[in-house]
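# Predicted coordinates and the sequence they were generated for:
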Amino acid sequence: MGKLGKSLKRFNTRTANYLSGVMSSMWLFWFLTISILVAGIIHPPEDPYMFVMFVIGAGFQAIALPVLAFVSNNQGDRAEKTSQQTLAIVKEDLELLKKQNTELKQLISEIKADAKREEQVAESLDKIENKLDELPSSTSNK
């Protein structure tokens with residue numbers, strides 16, 4: 001994709017974001033609602049069938065769609081907030097786990113050091129015991 005393609009993509013994205021914001025706003029809902037009511041008052045449908053079609057067409061298409069888009073945006077905002085809160089909790093848990101991991105590694109190192117010291121002490125005691133065994137046993141002949 002060349003420079004022109006990337007520029008068009010950015011332009012289309014900005015335009016779509018702007019239009020979706022406008023089309024899902026409550027301002028548009030109120031503007032359309034008032035416009036439809038004023039149009040219905042100024043030039044009311046003469047036929048009951050036309051009145052029903054006017055209500056269905058205007059009410060569900062021009063009024064309900066901005067409300068549905070607005071609700072959808074609110075749901076998206078709530079989902080984003082929940083995701084951010086979950087991410088924050090997961091990051092806190094990860095930091096706690098890292099800290100615990102470091103502490104456990106330190107404990108393991110200390111236990112290994114203690115075991116090594118105990119092994120050295122045991123070897124020293126064995127050497128002393130062997131030397132004691134090498135000494136002639138002295139029995140007193142009194």
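Now that the structure is in, tell me what you want to look at. What you see is a predicted model; the values in this text were computed from it and never measured. Residues are numbered from 1 along each chain as shown.

# Report the buried residues of whichever strand or helix holds Ile36.
Taking DSSP states H and E as the definition, one finds Ile36 inside helix 26-42. By 16 or more other CB atoms under 10 Å, the buried positions in helix 26-42 come out as 28-29, 32-33, 36. Quick note: C-beta positions are derived from backbone N, CA and C, even for glycine.

# Now do the helices in the protein.
Taking DSSP state H as the criterion, the chain carries its helices at 3-23, 26-42, 48-54, 64-134.

# pLDDT-wise, which helix or strand of the chain ranks last?
Ranked by mean pLDDT, DSSP states H and E, the weakest helix or strand in the chain is helix 48-54, scoring a mean of 79.

# Please state the backbone phi and psi of Ser25?
With angles defined as degrees, to the nearest 10, Ser25 sits at phi -90, psi 150.

# Hmm, it is touching Pro66, no?
Yes: Ser25 is within contact range of Pro66, at 6.8 Å (criterion: CB atoms under 8 Å).

# Between those two, tell me which one has more neighbours.
Pro66 (21 against 15; other CB atoms under 10 Å).

# got a list of what Trp30 touches?
Residues counted as contacts of Trp30 (CB atoms under 8 Å, 6 or more residues apart in numbering): none.

# what's the distance between Glu80 and Asn73?
Applying CB to CB, to the nearest Å, the value for Glu80 to Asn73 is 10 Å.

# Neighbour count for the two, which is higher?
Asn73 (14 against 10).

# what residues are up against the nearest residue to that one once chain neighbours are set aside?
Sequence neighbours aside, Ser24 is the residue nearest to Asn73 in space, at 5.2 Å (criterion: CB to CB, 6 or more residues apart in numbering). Listed by CB under 8 Å, 6+ apart, the contact set of Ser24 reads 66, 69-70, 72-73.
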